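Trainee: pasting the sequence and the predicted coordinates here, then a few questions.
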Amino acid sequence: MTPMDHSNLLVELFVEELPPKALKRLGESFAALLAASLRDQGLAPADAAVTSYATPRRLAVHVAGVAPRAPDRELSHKLMPVAVGLAPDGAPTPALLKKLAALGSDASALPRLRRQGDGKAEALFLDQLVSGASLAEGLQKALAEAVAKLPIPKLMSYQLADGWTTVHFVRPAHGLVALHGAEVVSVTALGLTSGRTTRGHRFESHVPTIALRDADSYAEQLLTQGAVIAGFAERRAEIVRQLEAAAARAGARPIQDEALLDEVTALVERPNVLECGFEPEFLAVPQECLILTMKANQKYFPLLDTQGRLTNRFLVVSNIRPADPGRVIQGNERVVRPRLADARFFFEQDRKKSLESRVPGLARVVYHGKLGSQGERVERVRRIARGIGQALGGAPLAAQADRAALLAKADLLSDMVGEFPELQGVMGGYYARHDGESEAVALAVEDHYRPRFAGDELPRNEVGVVVALADKLETLGGLFGIGQAPTGDKDPFALRRHALGVIRLLIERDLALPTAALMTLVEQAFAGLVTPPAAEIESFLVDRAKVMFRDQGYSTAEVAAVLELGTPTDFRLVPKRLAAVRAFAALPESAALAAANKRVVNILRKSGAEGAGAVDAALLAEPAEAALHAALAAVGPGASAAFERGDFTASLQALAALKQPVDAFFDAVMVNADDPALRRNRLALLGTLQQAMNRVADLSRLAG
């Protein structure tokens, strides 16, 4: 290698164990930030291959094709207006000399100054040839920027060996490697000076320190000498392979949890999957409790049978590979047993009290300072649920929904939910069945938080749908009522998620519930406390629906045509309307009709004749307007009938027959005639046309 070679670069920070939930992002950010700075300085090509490495004890990056020195660059500095920089006799002003000094120059640069107009006035420019940074200079800058900008969840402060210098970083750093090819690049960071040595696995490395040959041998030497899989993705893939192989040997499958997989990948450098077990009698506890305690507390992978039921076997990802893994297995089995025993104790204790007996205690649990207790909230949800149940299924459904809403929040006071808040609702369902509640009510209690996130399943029965809808509407009504609507990207109460849940429930369960009626129920539930802003909440729902349908592939114009026709009173019909608009847009006549519709809207708006009266056939003086009137009379009934039976596609497609008469009308007829009677009649004709065309959607939105 010659000094001018473009070689690959390897930089590693060797640290104490990094926070596992942040490791993946830290590794990716360290690589991206350092590489971006090198590119910006001209030391790395724009398309340089960048490889990130991250283990519990290191952050590293490999950048291909890094230059030993950046090329020189021509820079043009705009100084100031000529009138400010030069006196009338051409002498430099103090302001100009000060600016030149700031750029490392002086009055000797005056002959090289360039005058150029900048759009407002003539300005002075200084052109300079700037020497490219050496790799050592550029890497020092890049490393400092990367360390400073890392998305560190919480900084640590620690002192260096001198006992005086304090360093702030995610964890204490103990080593720094910087290799350009086989050469060490001299840089410093976090009180460390770069070298070529690193360390392998804390317990199983074959050598105390690893002297890296060059940048390209990093991953290979860490694996063969240090017993470390350096790449996060490679280590994760190895864990998945071992999990699947171990599960197959046990005739089961590991639980799928991407977040748990990432966290475990961040905890080990040399993964070794081992199969463990626990006593079968623990399976009497609801499997959600056992799964959660194994995942959350121990980072284990529970094994499920072919029907998806929990078995008494689980997988552990160990960080060591002893010749005899028996003691590791026994240790993990010994550790998990008290956790499972705790879950069993909570479950048994909770069942000694019925859900209904816990309901009065909700009055002592604060929901929100301005909205009262959870007990008061339950009463509001019950009232809304009764109204929705009555509308959808009469008194029987209203009664079941009322019972489920009464019990839905009671498990918040159980020991199990106190230990595992993620199980709220789930445990309520188990306890409701134990108390002898109907399966319909138990399912509703279990499901009433659904959908909890995008793509989540909806409640499994009608009672659950009613209570889930009531719960989400109560949340929206109360928090909007006290001025807690989301702002920008801030949504501390997850109101966007609640709104999306309302929309999905209405659409996917085909619920004939106008939003105006729902808002009336919400207002009645909050009577005397706050006044939910119905119009604002409905607008919020429409905005979330726009986002949802755009995510589903509908264009902005298609979504606007349906959702900006006016606040939809029935969300369940929106998908049908969108499908009809898409089918209409595919017709050859659609573009002309959409443009004509837009023209009609503008004419009526400017004339103030929106919603004008009936057309007087006797005043149709021009053949073209008479023809349009006749066409509307011929097409209108069929389009209207299709609309009334919910066939929106047929309703819109019937309008295609209007293209020729509409075109002829605008070619031959002057709408704003001098005769007031003719003008009013023509505006009325356009108003009729607009009403006929815009029942399904505002077709003017489709015009370019």
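Mentor: All right, it came through fine. Numbering: from 1, shown residues only.

Trainee: hey, let's count contacts and neighbours off CA atoms from now on
Mentor: OK.

Trainee: how deep is Leu473 tucked in, by neighbour count?
Mentor: 24 (other C-alpha atoms under 10 Å).

Trainee: where's it, which helix or strand?
Mentor: When elements are defined using DSSP states H and E, Leu473 is found to belong to helix 462-481.

Trainee: state the mean pLDDT of that helix.
Mentor: Averaging the model's pLDDT scores along helix 462-481 yields 97.

Trainee: show me what secondary structure element comes after that helix.
Mentor: Of the helices and strands lying after helix 462-481 in sequence (DSSP H and E), the nearest is helix 495-508.

Trainee: take the helix or strand that comes right after that following helix, keep the C-alpha atoms, and write them as CSV.
Mentor: Using DSSP H and E, the helix or strand that follows helix 495-508 towards the C-terminus is helix 515-525. Coordinates of the C-alpha atoms in helix 515-525 are reproduced here as CSV (Å, rounded to 0.1, in the frame of the first residue of the first chain):
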residue,chain,number,x,y,z
THR,A,515,-71.1,10.3,13.3
ALA,A,516,-73.6,13.0,14.3
ALA,A,517,-75.6,10.4,16.3
LEU,A,518,-72.4,9.2,18.0
MET,A,519,-71.4,12.7,18.9
THR,A,520,-74.8,13.2,20.5
LEU,A,521,-74.2,10.2,22.7
VAL,A,522,-70.8,11.5,23.7
GLU,A,523,-72.2,14.9,24.5
GLN,A,524,-74.9,13.4,26.7
ALA,A,525,-72.4,11.3,28.5
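
Trainee: would you mark the buried spots in the next helix or strand after helix 515-525?
Mentor: Per DSSP H and E, the first helix or strand lying C-terminal to helix 515-525 is helix 534-551. By 16 or more other C-alpha atoms under 10 Å, the buried positions in helix 534-551 come out as 534, 537-538, 540-546, 548-549.

Trainee: those into a markdown table, with extra columns for distance to Leu413?
Mentor: Shown next, in a markdown table, are the buried residues of helix 534-551 (distance: C-alpha to C-alpha, whole Å):
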| residue | distance to Leu413 |
| --- | --- |
| Ala534 | 32 |
| Ile537 | 31 |
| Glu538 | 33 |
| Phe540 | 33 |
| Leu541 | 32 |
| Val542 | 36 |
| Asp543 | 36 |
| Arg544 | 33 |
| Ala545 | 35 |
| Lys546 | 38 |
| Met548 | 35 |
| Phe549 | 39 |
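
Trainee: just to revisit the earlier point, and the angle from the helix holding Leu473 to helix 534-551?
Mentor: Computed with axes from the mean of the first three to the mean of the last three C-alpha atoms, to 10 degrees, the direction of helix 462-481 lies at 120 degrees from that of helix 534-551.

Trainee: relative to helix 495-508, how tilted is helix 462-481?
Mentor: In this structure, helix 462-481 runs at an angle of 140 degrees to helix 495-508, with the same axes, to 10 degrees as the basis.

Trainee: report the inter-axis angle for helix 462-481 versus helix 515-525.
Mentor: 70 degrees.

Trainee: CA atoms only: put helix 462-481 into PDB for me.
Mentor: The C-alpha coordinates for helix 462-481 follow below in PDB (Å, rounded to 0.1, in the frame of the first residue of the first chain):
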ATOM      1  CA  GLU A 462     -70.800  -7.500  18.700                       C
ATOM      2  CA  VAL A 463     -70.700  -6.700  22.400                       C
ATOM      3  CA  GLY A 464     -67.000  -6.100  22.300                       C
ATOM      4  CA  VAL A 465     -67.400  -3.900  19.200                       C
ATOM      5  CA  VAL A 466     -69.900  -1.800  21.100                       C
ATOM      6  CA  VAL A 467     -67.800  -1.400  24.200                       C
ATOM      7  CA  ALA A 468     -64.600  -0.700  22.300                       C
ATOM      8  CA  LEU A 469     -66.300   2.000  20.200                       C
ATOM      9  CA  ALA A 470     -67.800   3.500  23.400                       C
ATOM     10  CA  ASP A 471     -64.500   3.500  25.200                       C
ATOM     11  CA  LYS A 472     -62.600   5.200  22.300                       C
ATOM     12  CA  LEU A 473     -65.400   7.800  21.800                       C
ATOM     13  CA  GLU A 474     -65.400   8.600  25.500                       C
ATOM     14  CA  THR A 475     -61.600   9.100  25.400                       C
ATOM     15  CA  LEU A 476     -61.900  11.400  22.400                       C
ATOM     16  CA  GLY A 477     -64.800  13.300  23.800                       C
ATOM     17  CA  GLY A 478     -63.200  13.900  27.200                       C
ATOM     18  CA  LEU A 479     -59.700  14.900  26.100                       C
ATOM     19  CA  PHE A 480     -60.900  17.100  23.200                       C
ATOM     20  CA  GLY A 481     -63.400  18.600  25.700                       C
END
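
Trainee: quick one: distance of that helix to the chain centre.
Mentor: The gap between where helix 462-481 is centred and where its chain is centred comes out at 23 Å by C-alpha atoms, centre = their mean, to the nearest Å.

Trainee: quick one: list the elements packing against it.
Mentor: In terms of contacts (3 or more C-alpha pairs under 8 Å, 6 or more residues apart in numbering; DSSP states H and E), helix 462-481 is packed against helix 374-407, helix 439-447, helix 495-508, helix 515-525, helix 534-551.

Trainee: which among these is found nearest to Ala642?
Mentor: Distances from Ala642 to each of the helices and strands packed on helix 462-481 were compared by C-alpha to C-alpha, and the smallest falls on helix 495-508, at 20.8 Å.

Trainee: what angle sits between the helix holding Leu473 and helix 374-407?
Mentor: Note on geometry: by the same axes, to 10 degrees, helix 462-481 and helix 374-407 are set 160 degrees apart in direction.

Trainee: so Ala468 makes contact with Asp447?
Mentor: Yes. With contact taken as C-alpha atoms under 8 Å, Ala468 and Asp447 are classed as touching, separated by 7.4 Å.

Trainee: higher neighbour count, those two?
Mentor: Here Ala468 and Asp447 are set side by side on neighbour count (other C-alpha under 10 Å), and the busier one is Ala468, at 30 against 27.

Trainee: find the nearest non-adjacent residue to that one, please.
Mentor: In this structure, Ala468 finds its nearest non-sequential neighbour in His448, 4.2 Å apart by C-alpha to C-alpha, 6 or more residues apart in numbering.

Trainee: wouldn't that neighbour be in contact with Ala470 here?
Mentor: No. Shown here, His448 and Ala470 do not form a contact pair, counting by C-alpha under 8 Å, at 9.0 Å.

Trainee: ok, the closest residue to Ala87 other than its chain neighbours - how many residues close by?
Mentor: Nearest in space to Ala87, with sequence neighbours left out and distances taken as C-alpha to C-alpha, 6+ apart, is Thr93 at 6.1 Å. The local packing of Thr93 (other C-alpha under 10 Å) involves 14 other residues.

Trainee: quick one: contacts for Thr93?
Mentor: 84-87 (C-alpha atoms under 8 Å, 6 or more residues apart in numbering).

Trainee: for the buried ones among those residues, write the corresponding PyMOL selection.
Mentor: Typed into PyMOL, the next command selects the buried ones out of these (criterion: 16+ other C-alpha under 10 Å):
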select buried, resi 84+85+86
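
Trainee: I'd like the contacts of Thr93 as a markdown table, with pLDDT appended.
Mentor: Rendered in a markdown table, the data for the contacts of Thr93 read as follows (pLDDT from 0 to 100):
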| residue | pLDDT |
| --- | --- |
| Val84 | 87 |
| Gly85 | 88 |
| Leu86 | 90 |
| Ala87 | 90 |
